[in-house]
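1. Generate a structure from the sequence data that follows.
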Amino acid sequence: MFVIIKKFKNIIDYKNIKLLKAFLTKFGKIRPRRKTRISIQKQHRIAKAIRKSRAFGLIPFTCDVKI
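-> Predicted structure coming up:
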């Protein structure tokens, strides 16, 4: 996951949907830090950007799961 952040030149922004989707599970939850292996500061920035983009409607709050 750290490689993904370097790919985007360490810029974490709420408008960067491709970067933020990499840190979401298939159910729409934010991946835990122990899985992403990034620092706590970057995890907080990513979580904040995901919440902000959800509020603006760029990312859905939940994903449709068909059983």
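2. Now name the helix or strand holding the spatially most central residue of the chain.
-> Centroid-nearest residue in the chain: residue 20, 3.2 Å away (criterion: Cα atoms, centre = their mean). Taking DSSP states H and E as the criterion, residue 20 maps to helix 17-22.
3. Kindly export that helix (C-alpha atoms) in PDB.
-> The C-alpha coordinates for helix 17-22 follow below in PDB (Å, rounded to 0.1, in the frame of the first residue of the first chain):
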ATOM      1  CA  ILE A  17     -10.500   8.800  -5.800                       C
ATOM      2  CA  LYS A  18      -8.100   6.100  -7.200                       C
ATOM      3  CA  LEU A  19      -5.800   6.500  -4.200                       C
ATOM      4  CA  LEU A  20      -8.600   6.500  -1.700                       C
ATOM      5  CA  LYS A  21     -10.300   3.400  -3.200                       C
ATOM      6  CA  ALA A  22      -7.000   1.400  -2.700                       C
END
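4. who are the neighbours in contact with residue 15?
-> Neighbour list for residue 15: 53, 58 [criterion: Cβ atoms under 8 Å, 6 or more residues apart in numbering]. For glycine as for every other residue, the C-beta is placed from the backbone atoms N, C-alpha and C.
5. Residue 55 versus that one, what's the distance?
-> As for residue 15, its distance to residue 55 is 13 Å (criterion: Cβ to Cβ, to the nearest Å).
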